[in-house]
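>>> predicted model and sequence follow; I will ask about them next.
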Amino acid sequence: MAAIVTAEDIAMSYGNTPILKGVSFALEARESLSLIGSNGAGKSTLIRCLLRLEPITAGRISLFGREIQNLKSSELRSTRCRVGVVFQRHNLVPRLSALSNVIHGALGRNTQSFGSMISGITLWSHITAGSVHRERAMDCLDRVNLADLAHRRADSLSGGQSQRVAIARALMQDPDLIIADEPAASLDPIAGEEVMGLFSELCREAGVSLIFSTHNISHAVDFADRMMAMKSGRISLDGRTGSVDLQTLKAEYA
Amino acid sequence: MHRAAVPPRFGNKPIAGFLAIILFILVSAWCFDGSGFSIVQLLGSSEYLLRFLHEAFPPIDEHRLTFEQFDRYCLALIETFQMAFAGTLVGLLIGFILALFASRGLMFESRRSNLLQWSVKMLISLFRTVPDLVWAIIFVMVVGLGAFAGTLTIMVDTIGFCGRFFAEEMEDVDRSSAEALSASGARRFDTVFAAVVPAATPGLITTSLFAFEKAIRSSVVLGLVGAGGIGLELQSLMNWMAYDRAMVIIGMIFALVLVVEQLSSYFRKLVMKNE
């Protein structure tokens, strides 16, 4: 199987503070990977670098075989639109409905030609979106069991519901890879469990690869095939979740 | 256990604070002196104020105010409202477009765009800092006497006001939801309108209502330089020393401003309630 994400010896620093110091790994299609590590270990930075939300200072990152450092902005967009992203918080546009927020997932697919630029404008809100997109967005909301809250404003939803809307938006992209930065961190344990379960189930169903970071060791083990632990900007452990010893992990990283 | 000492009463730079107060008092004294502010003079001139009030009341007297005149004042008042509304509307639109480009890191994010952002900001400042009466005089010169000159003045004034505050409101929006869209491949243009503008909407509406209130108030005085509306009537009556009818107009202006302000504050509350 071909690797869909490759990081080769990447380094990144904020000013003079090195955050990532030579990180290398590869992720294969349909693989799910969890990232653990204490605050400041570099998990979020790694995730942001993978999406080119932060520039790396050395090394190479490829997504789907394209080296993202040198992509023009239109090429970057067409690469990014294959990656669904879920952040810890502030994922959604607060004043828009859940449905509008999900429809936004299709924005990335609509940037390649002049005609699609025009249709991109209709995707700003569910009011103007075409019925194909509205139907598809409802399907995505249905897959996260939120179809009946489609009209509700995003800022009136609970943390778990917001995160599920964010997942629905990622599904709307019809992605090949989903990257989630501590998706359960701001949720209570039950909602967190639910959201993570939904993630791994949907990814398995749709054959989507998954990278997520977490502080919850059991999530890291239960919802991924493979896990990586980070410590001060380096990968300190990389292995199948079945083969790592939970007790040692908890002692070291929790 | 040794407890930390109580912090000093006047911070850690008491002398600087003291000097600042002295400086403030000196500057105030200097300004009152220069502005010729004088209670004595104000009280001494009460005779003129009383004369004005005496001649102004009763403002409505069938021998002095005809129906034709009152009709004309009403039309002028309506014209004032129309000028303010139309000018504000066009100004809001242009101000919004300029604000998109004046807002830091909104539409573009590169070194070259800083120059563009700076130039747009300067343009907006120019519109805002030149007083409306000056704009009115210029537009009267360009398009002639009448309501259109006033409308253009209001437009320019609104661009200056809204351009600045719209830009600040959009700068204040939490950009993380826009970033989430951008991370999924959306164009910058789309992230602005799908994420930033919706989040800024209550602020944009509130600012627009304030702009309209401001426009109503300033459209009243624009007539003084010939730019249409009820100010023109007011000025000619004052020149003719027809203080009674001038009082009628002042009352009408008061009513209009009051109604518009009440309505605007009602709509503002409505917007805020939905937050």
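That came through fine.
>>> got the CA positions of stretch B:114-127 in CSV?
C-alpha atoms of stretch B:114-127 as CSV (Å, rounded to 0.1, in the frame of the first residue of the first chain):
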residue,chain,number,x,y,z
ASN,B,114,0.2,45.4,3.8
LEU,B,115,0.7,48.3,1.4
LEU,B,116,-2.8,47.8,0.0
GLN,B,117,-4.3,47.6,3.5
TRP,B,118,-2.5,50.7,4.6
SER,B,119,-3.6,52.7,1.6
VAL,B,120,-7.3,51.7,2.1
LYS,B,121,-7.0,52.6,5.7
MET,B,122,-5.6,56.0,4.8
LEU,B,123,-8.4,56.5,2.3
ILE,B,124,-11.0,55.7,4.9
SER,B,125,-9.3,58.0,7.4
LEU,B,126,-9.4,60.8,4.9
PHE,B,127,-13.2,60.3,4.5
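>>> tell me if whichever strand or helix holds A:Met196 is near chain B.
Using DSSP states H and E, A:Met196 sits within helix A:189-206. No: contact of helix A:189-206 with chain B (C-beta under 8 Å from any C-beta of the partner chain) is absent, the minimum separation being 15.9 Å. C-beta coordinates here come from the backbone N, C-alpha and C atoms, glycine included.
>>> kindly export the helix or strand following that helix (C-alpha atoms) in PDB.
Following helix A:189-206 in sequence order, the next helix or strand is strand A:209-213 (DSSP H and E). The C-alpha coordinates for strand A:209-213 follow below in PDB (Å, rounded to 0.1, in the frame of the first residue of the first chain):
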ATOM      1  CA  SER A 209      -7.300   7.200   7.100                       C
ATOM      2  CA  LEU A 210      -7.300   9.000  10.400                       C
ATOM      3  CA  ILE A 211      -4.700  10.900  12.500                       C
ATOM      4  CA  PHE A 212      -5.800  12.200  15.800                       C
ATOM      5  CA  SER A 213      -4.000  13.500  18.900                       C
END
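>>> ok, residues contacting strand A:209-213?
A:4-5, A:27-37, A:43-44, A:47, A:50, A:176-183, A:196, A:199-200, A:203, A:223-224 (C-beta atoms under 8 Å, 6 or more residues apart in numbering or on different chains).
>>> before we move on, what about stretch B:23-30?
Applying C-beta under 8 Å, 6+ apart, stretch B:23-30 has no contact partners.
>>> tell me which strands and helices the helix holding A:Met196 is in contact with?
If contacts are counted by 3 or more C-beta pairs under 8 Å, 6 or more residues apart in numbering or on different chains; DSSP states H and E, helix A:189-206 sits against strand A:32-36, helix A:159-172, strand A:177-181, strand A:209-213, helix A:217-222.
>>> just how off-centre is the second one within its chain?
So that's helix A:159-172. 11 Å (C-alpha atoms, centre = their mean, to the nearest Å).
>>> orientation of it relative to helix A:189-206 in degrees?
Interaxial angle, helix A:159-172 versus helix A:189-206 (axes from the mean of the first three to the mean of the last three C-alpha atoms, to 10 degrees): 10 degrees.
>>> kindly report the same for the fourth one.
Using the same axes, to 10 degrees, the inter-axis angle of strand A:209-213 relative to helix A:189-206 is 160 degrees.
>>> listing partners with orientation, what would you give for strand A:209-213?
Each strand paired with strand A:209-213, and its direction, by DSSP bridges: strand A:32-36 (parallel), strand A:177-181 (parallel).
>>> just give me how far it sits from the chain centre.
6 Å.
>>> cool, and the third one?
With C-alpha atoms, centre = their mean as the basis, strand A:177-181 stands 2 Å off its chain's centre.
>>> which one is B:Ala227 nearest to, not counting chain neighbours?
The spatial neighbour of B:Ala227 that comes closest, neighbours along the chain excluded (C-beta to C-beta, 6 or more residues apart in numbering or on different chains), is B:Gly150 at 3.7 Å.
>>> pretty sure the one you found contacts B:Val225?
No: between B:Gly150 and B:Val225 there is no contact, the gap being 9.1 Å when judged by C-beta atoms under 8 Å.
>>> give me the more crowded residue out of the two.
Comparing B:Gly150 with B:Val225 by other C-beta atoms under 10 Å in any protein chain shown, the one with more neighbours is B:Gly150, at 37 against 23.
>>> what's the per-residue pLDDT of that one here?
B:Gly150 is assigned 92 on the pLDDT scale.
>>> before we move on, the earlier item: got the strands paired with strand A:209-213 as a markdown table, with mean pLDDT, distance to A:Phe212 and mean neighbour count columns?
Below are the strands paired with strand A:209-213 laid out as a markdown table (pLDDT from 0 to 100; distance: least, C-beta to C-beta, whole Å; neighbours: other C-beta atoms under 10 Å in any protein chain shown):
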| stretch | mean pLDDT | distance to A:Phe212 | mean neighbour count |
| --- | --- | --- | --- |
| strand A:32-36 | 91 | 6 | 25 |
| strand A:177-181 | 92 | 4 | 25 |
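>>> distance to B:Met252 added to those strands, as CSV?
Formatted as CSV, the strands paired with strand A:209-213 follow (distance: least, C-beta to C-beta, whole Å):
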stretch, distance to B:Met252
strand A:32-36, 70
strand A:177-181, 61
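>>> looking at those, which is closest to A:Ala191?
strand A:177-181 (14.5 Å; C-beta to C-beta).
>>> list the contacts of B:Ala158.
Let me fix one detail, which is that residue B:158 is Thr and not Ala. B:87-88, B:90-92, B:95, B:211, B:214-215.
>>> sorry, slip of the keys, the one I care about is A:Ala98.
When contacts are counted by C-beta under 8 Å, 6+ apart, A:Ala98 touches A:92, A:141, A:146, A:149-154, A:157, A:161, A:165, A:168.
>>> show me the two of those that sit farthest apart.
Of all the pairs that those form, the one spanning the most space (C-beta to C-beta) is A:Arg153 and A:Ala168, at 15.3 Å.
>>> between these two, which one's more packed in?
A:Ala168 (30 against 17).
>>> now that one: closest residue in space, sequence neighbours ignored.
A:Cys140 (4.1 Å).
>>> report the buried residues of the helix or strand containing that neighbour.
Assigned by DSSP H and E, A:Cys140 belongs to helix A:131-143. In terms of neighbour count (16 or more other C-beta atoms under 10 Å in any protein chain shown), helix A:131-143 has its buried residues at A:133-134, A:136-138, A:140-141, A:143.
>>> same check, this time on stretch A:8-18
Applying 16+ other C-beta under 10 Å to stretch A:8-18 flags A:10-12 as buried.
>>> name the residue closest to the centre of the chain, please.
Just so you know, I chose chain A. With distances taken as C-alpha atoms, centre = their mean, the residue of chain A nearest its centroid is A:Ile179 (2.2 Å).
>>> think we crossed wires, I meant chain B
Nearest to chain B centroid, counting by C-alpha atoms, centre = their mean: B:Lys214, 3.9 Å.
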